[in-house]
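Colleague: Predicted structure and sequence below. I'll ask about it afterward.
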Number of protein chains: 2
Amino acid sequence: MDTLFSNTTVVTMDEDMRVLFSAFVGVTDGKISYLSRKAPEEQPAQIINGEGMVLMPGLINCHTHLPMAVLRGYADDCKLSQWLGEYIFPREERFDGRCVKAATLLSIAEALRFGTTSVSDMYDFCDEIAQAVAQSGIKANLSRGVTLFGEDFDPETHKGCREMFALKEKWHNYDRGRILVDASIHGEYTSDHRLWDTVSEFAINEKLGMHVHLSETEDEHTGCLDRHGLTPAQVLDCHKVFAVRAQAAHCVWLEPEDMALLAKRKVSAVHCPVSNLKLASGCAKVTDMVRAGMNVALGTDSSASNNNLDLFEEIKAATLMAKAVSRDPAALPAQAALMMATVCGARAQGREAQCGMIRLGLDADLILLDFTSPHLMPCHNVLSHLVYSASGHDVVLTMVRGQILYSAGKYLTIDLESVVQELASYAMPRIFSKEKD
Amino acid sequence: MDTLFSNTTVVTMDEDMRVLFSAFVGVTDGKISYLSRKAPEEQPAQIINGEGMVLMPGLINCHTHLPMAVLRGYADDCKLSQWLGEYIFPREERFDGRCVKAATLLSIAEALRFGTTSVSDMYDFCDEIAQAVAQSGIKANLSRGVTLFGEDFDPETHKGCREMFALKEKWHNYDRGRILVDASIHGEYTSDHRLWDTVSEFAINEKLGMHVHLSETEDEHTGCLDRHGLTPAQVLDCHKVFAVRAQAAHCVWLEPEDMALLAKRKVSAVHCPVSNLKLASGCAKVTDMVRAGMNVALGTDSSASNNNLDLFEEIKAATLMAKAVSRDPAALPAQAALMMATVCGARAQGREAQCGMIRLGLDADLILLDFTSPHLMPCHNVLSHLVYSASGHDVVLTMVRGQILYSAGKYLTIDLESVVQELASYAMPRIFSKEKD
């Protein structure tokens, strides 16, 4: 046994939602090898004293754009079109792989610090994103979000498609699946049927998942109805986009028929409540999606529209928003909100056989939270505290596959100082210097 | 000069919303005595290095019930009537002064840790609450929330009124106004005109402020219309409840006429977005209230309906909710949300001449936040980060009137260990033991 968490409160997130007190969790060769109220007889290589702590599965952030950290707080409180057109797009045009790698490492450090052990990313410069993920030890489903704006289209020469194919060739299943590559269509409104057919076929042939933005804004949703006489879910489905495991980010404007269709196709909705509120995109009907049989996971979206990667905020926002929208304080109870950030996230990523719970044989993707601060006392109900009182700041240790990646302010695989230095000396001047405007 | 914060970013929250970089703030005899981009010539007794930090006015939480910390997470995800009737009220019946004092100290520790320097509390056992406040060094507006449920009424013998009078006699203006006592009617729906007249007269004669719950739920609001043919704001106004400085908590169901009336009376609304969402009470129309000319402050409500006292969460929730309700991402920008938690809070408490800004001569109620964590990098806009990216967990130092009350995990005026011991050995068994049910 490599590591033993001793005398700790264990939130398993298993089928019975068992919570074990004063329990022991052992880790061997990156897997959970021991779970009991009794101490093991075997002597572990290291013991982590979990008294006053809560051990739970690492959180899974199913929709983000890690490199956008450099745009965090660069522009807020303005209309979406202005935000994108005047602020975000002009800066993104200056990104290069080197900027992206540094920004991604910063975001991974933040995610780890807040207890996230796996992310689903959609962006550009994916080779550098994959390098950062590989170095850091975090799990990731990576996708090159491809667009097509009416130009001539040949998949073999189209930049986005070529990069998507190359990403798959180089990085899919890296480190025994720590990195998975998903196919990706950025969104219905940023492409057309030629791309949808190409990407669907690629995903089906290569047995990849799919990552798309879906019905995020009312304009996007009604615009699609005008263009195609079908909703985004319906028109993409016609082109087999949902023939594979798919993560559909946002799903704010889904209609009941969309929910039924997506449930049938086993599509996972990725609910991003904070981003949806901040951009005034609307309030996704999570309770209805769950009732329709959809798997619903959580995402932060990028830190430019959030503005952080603390998935605990998302868990709380999801349940608060569900209660407000349904005018029912019993809506989306603590347990359901926690499931969205763990087991449902694992399912969305196609990792349900490997993580999302504390169970023997699963990967040791674990986080430890300090429960001795005033805001977590007294503790009548651990699940309630995790959802309504805690924060990603309460995380003191983050482990992926048995390897400690973050512990008490220290990053074990990321040299944060040199990342900050690289951002200050290279990325920020490149992206924000006035001369280049 | 007693203390100098050196080389720090200063968010003044003054009329020009000035943010000073690499600045110096000096504190002498509990007051802000120096504010400049240049270091002072005078040698201070202690220097606090503020590099990489942000110094801002302490936050002001204008509606809470501190002793309810012991009920944090005891019951969630159920209907309001069930929550109150089955869980909260039966336990509150077992409270005594000793429980309340310990629970209040726990809550003050939490509030200080999250950067709150002044609170407005409404509860019972106020002498013990005042003792805890006095000991801790925090500022507080304390009120005994009085109810009257149809019983015979003589103010001289009515328990709530007697305690309110006694609270005023013993604690009003304690420590040169660090404690202010407000008069309080718990709410329209928990009392009648006999109490309103008595408490209004008391507040007017004694020159006290007023603290009430107002139009929190739709049932309360429409019930009042049924009972009186007037809204809660209108009927209380008829009985002079708003003839003094008043804090009206929640204001979720105010009608446009109510807003105009309350603006005219200079009543401060205390917006409690997280509690309103969690209890599915509704979404207060903050933008409309501000437009009507009302002063709007922020409150956490109790940690039983929140479930923590981190006012930074409230700041973010307020702006997110305003954007969602108005479907406008420009609604309630960062600066406005920060004002609600500082200058508007000071005005609501009647403390605008003493705190809420960093300005020469005001009390040194200051908090320092560490801005070197990954989730606060890069920093294009300090105000944006305070609202959208930061958390109360980023606070590393809390000072009231020049006295450090919290610093890097340590409480200087509260023995947290003995508070926790008192809760475990006395309060929790008293309130939750099964035998007494």
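Modeller: Perfect, I can see it now.

Colleague: residues in contact with whichever strand or helix holds A:I47?
Modeller: Taking DSSP states H and E as the criterion, A:I47 maps to strand A:46-49. Where contact means C-beta atoms under 8 Å, 6 or more residues apart in numbering or on different chains, the residues beyond strand A:46-49 that reach it are A:D2, A:T3, A:L4, A:F5, A:S6, A:N7, A:L368, A:L397. Using the backbone N, CA and C atoms, a C-beta is placed for each residue, glycine as well.

Colleague: ditto for stretch A:236-243
Modeller: A:185, A:188, A:193, A:196-197, A:199-201, A:203-204, A:210, A:212, A:214, A:230, A:233, A:261-262, A:265, A:267.

Colleague: avg pLDDT for that stretch?
Modeller: Stretch A:236-243 carries an average pLDDT of 98.

Colleague: list the buried ones in it?
Modeller: Residues of stretch A:236-243 classed as buried: A:L236, A:D237, A:H239, A:K240, A:V241, A:F242 (neighbour count, 16 or more other C-beta atoms under 10 Å in any protein chain shown).

Colleague: and A:K278, what is it in contact with?
Modeller: Residues in contact with A:K278, defined by C-beta under 8 Å, 6+ apart, are A:D76, A:S305, A:N306, A:N307, B:T319, B:L320, B:K323, B:P329, B:Y388.

Colleague: Just name the closest of the buried residues of stretch A:236-243 to chain B, please.
Modeller: A:L236 (25.6 Å; C-beta to the nearest C-beta).

Colleague: Name the helix or strand for that closest one, please.
Modeller: With DSSP H and E as the test, A:L236 turns up in helix A:232-238.

Colleague: Now the element after that helix, going C-ward?
Modeller: Trace forward from helix A:232-238 with DSSP H and E and the next one is strand A:246-250.

Colleague: So for the next helix or strand after that next one, what gets flagged as buried?
Modeller: Once the chain leaves strand A:246-250, the next helix or strand it forms, by DSSP H and E, is helix A:256-264. Along helix A:256-264, these residues count as buried under the neighbour rule (16+ other C-beta under 10 Å): A:D258, A:M259, A:L261, A:L262, A:A263.

Colleague: okay, the residues you listed in a markdown table with distance to A:A292 next?
Modeller: Listed next are the buried residues of helix A:256-264 as a markdown table, based on distance: C-beta to C-beta, whole Å:
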| residue | distance to A:A292 |
| --- | --- |
| A:D258 | 9 |
| A:M259 | 4 |
| A:L261 | 9 |
| A:L262 | 8 |
| A:A263 | 5 |
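
Colleague: circling back to that earlier point, with just CA atoms, put the helix holding A:L236 into PDB.
Modeller: Presented in PDB, the C-alpha positions along helix A:232-238 are these (Å, rounded to 0.1, in the frame of the first residue of the first chain):
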ATOM      1  CA  PRO A 232     -29.700  23.000 -32.600                       C
ATOM      2  CA  ALA A 233     -30.100  19.600 -30.800                       C
ATOM      3  CA  GLN A 234     -32.400  18.400 -33.700                       C
ATOM      4  CA  VAL A 235     -30.300  19.600 -36.600                       C
ATOM      5  CA  LEU A 236     -27.000  18.300 -35.100                       C
ATOM      6  CA  ASP A 237     -28.700  15.000 -34.400                       C
ATOM      7  CA  CYS A 238     -29.700  14.700 -38.100                       C
END
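
Colleague: Now do the helices in the stretch 201-350 of chain A.
Modeller: Secondary structure of the stretch 201-350 of chain A (DSSP state H, counting those that start in this stretch): helices located at A:218-228, A:232-238, A:256-264, A:273-278, A:286-291, A:311-326, A:334-341, A:343-348.

Colleague: Can you say which of those helices is nearest to B:L142?
Modeller: Shortest distance between B:L142 and the helices of the stretch 201-350 of chain A, using C-beta to C-beta, is found for helix A:311-326: 28.8 Å.

Colleague: how close does the residue in the stretch 151-300 of chain A positioned nearest to chain B get to B:K170?
Modeller: At 3.9 Å from chain B, A:L277 is the closest residue in the stretch 151-300 of chain A, using C-beta to the nearest C-beta. Distance, A:L277 to B:K170, by C-beta to C-beta, to the nearest Å: 45 Å.

Colleague: Does chain B have contacts with stretch A:2-19?
Modeller: No: Stretch A:2-19 does not reach chain B (C-beta under 8 Å from any C-beta of the partner chain); its nearest approach is 13.1 Å.

Colleague: Quick one: name the residues of the stretch 151-300 of chain A near chain B.
Modeller: Residues of the stretch 151-300 of chain A lying close to chain B by C-beta under 8 Å from any C-beta are A:V274, A:N276, A:L277, A:K278, A:L279, A:A280, A:G282, A:C283.
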